[in-house]
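> below is the sequence, then the predicted model.
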Amino acid sequence: MSNLVTSDGTSIFYKDWGPKDAQPIVFHHGWPLSADDWDAQMMFFLDQGFRVIAHDRRGHGRSSQTDHGNEMDTYAADLIELAAKLDLRDAVHVGHSTGGGEVVHYVARAEPGRVAKAAILGAVPPQMVKTDDNPGGIPIEAFDGYRAGVAANRAQIFLDVASGPFYGFNREGVEPIDGVIRNWWRQGMQGGIKAQYDCIKAFSETDFSDDLRAIEVPVLVLHGDDDQIVPYANAALRAIKLLKNGRLKIYPGFPHGMATTHADTINADLLAFIRGEEVGEAASEREEALA
């Protein structure tokens, strides 16, 4: 079992598999999950010869159940320490949902040479909550509802999310996968309620616009157009316009948890991106297509 003890004494659990001299791919999980949510990607990219790394964000999974530091600045600081400990160079960072926010917040602050590329899937940037500057966002009352649900009975709300909108199992004609639902619930219940409660503010209210503008490396933005958790129009379509070197791909009918339900498609596109092959459209091409 591998752990990093951060400068504030928090234990961060991580997996580090494969040749240590191979290019590293670092996976960042969503709320309220753990590194285990990347099983399909870890096994695939390990088989492709990469070094694959995934950590449990503080307060989640097997990491310390912290009552502090459950916000994006500290999440990024933890990653800076992890990258230094593992001496990661030219890494590809892949983040889903909240993990996508964590990726852009970290990459915008990473030491030179640490990051080669990034990919964000169903990710929360630029900002989820509705504000005067983000009129297309989700009203704060929705996130207050999540907070109330977590505080009152997180076991039930986690079951409701996993069996419904997260994977699109509430859509007509979509067959729920019991093992996927149980695994989501297991990961959620393994984490700490205080950190999960605090993280709702982190993923919903953080404005990642400046992070997106600051990133110089290539970034692949992937999103399903049936994402019921992070609607793509106010996320991916806005994020791609802020990136200097971004590529965008929208998948018709794919849900928020598409890296699990459509792992073969997502893995193939991530591999192509890492290898420098064409995936998706540049921001300018997308704008022309929408004109």
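Arrived safely, thanks for sending. Residues are numbered from 1 along each chain as shown.

> buried residues in the helix or strand harbouring residue 26?
Per DSSP states H and E, residue 26 falls inside strand 24-28. Judged by neighbour count using 16 or more other CB atoms under 10 Å, the buried positions of strand 24-28 are 24-28. Where you see a C-beta, it was placed from the backbone N, CA and C, and this is true even at glycine.

> which residues of the stretch 51-200 of the chain fall in helices?
Ranges of helices in the stretch 51-200 of the chain, per DSSP state H, counting those that start in this stretch, are 72-86, 98-107, 140-163, 178-190, 193-205.

> residue 20 - that's part of a strand, no?
No - according to DSSP: H, G, I helix; E, B strand; the rest coil, residue 20 belongs to no strand; its state is coil.

> separation between it and residue 40?
For residue 20, the distance to residue 40 equals 23 Å [CB to CB, to the nearest Å].

> more neighbours, these two?
A count of neighbours by other CB atoms under 10 Å puts residue 40 above the other of residue 20 and residue 40, at 16 against 9.

> distance check, that one against residue 198.
With distances taken as CB to CB, residue 40 is found 28 Å from residue 198.

> next one: residue 267
From residue 267 to residue 198 the distance is 32 Å (CB to CB).

> what residues are up against the closest residue to residue 197 other than its chain neighbours?
Nearest non-adjacent residue to residue 197, counting by CB to CB, 6 or more residues apart in numbering: residue 150, 5.2 Å away. Residues in contact with residue 150 (CB atoms under 8 Å, 6 or more residues apart in numbering) are 32, 157, 193, 196-197, 200.

> can you tell me which of those lies nearest to residue 121?
For these, the residue nearest residue 121 by CB to CB is residue 32; the value is 17.0 Å.

> hang on, that closest one packs against residue 194?
No - with contact defined as CB atoms under 8 Å, residue 32 does not count as touching residue 194 (11.5 Å).

> the two: which has the busier surroundings?
residue 32 (29 against 16).

> which pLDDT value goes with the more buried one?
As predicted, residue 32 sits at a pLDDT of 98.

> quick one, phi/psi of it?
Per-residue torsions, residue 32: phi -100, psi 40 (degrees, to the nearest 10).

> look at residue 154 and say how many residues are nearby.
19.

> spit out the contact partners of the closest residue to it other than its chain neighbours.
Ranked by CB to CB, 6+ apart and with sequence neighbours excluded, the top spatial neighbour of residue 154 is residue 193, at 5.9 Å. By CB under 8 Å, 6+ apart, the contact set of residue 193 is 150-151, 154.

> can you check residue 19 too?
So residue 19 contacts 49, 51 (CB under 8 Å, 6+ apart).

> returning to what we had before: which elements pack onto the strand holding residue 26?
helix 39-47, strand 51-55, strand 91-96, helix 98-107 (3 or more CB pairs under 8 Å, 6 or more residues apart in numbering; DSSP states H and E).

> so residue 255 touches residue 226, yeah?
Yes - using CB under 8 Å, residue 255 is in contact with residue 226, at 5.6 Å.

> those two - which one has more neighbours?
Between residue 255 and residue 226, counted using other CB under 10 Å, the more crowded position is residue 255 (24 against 18).
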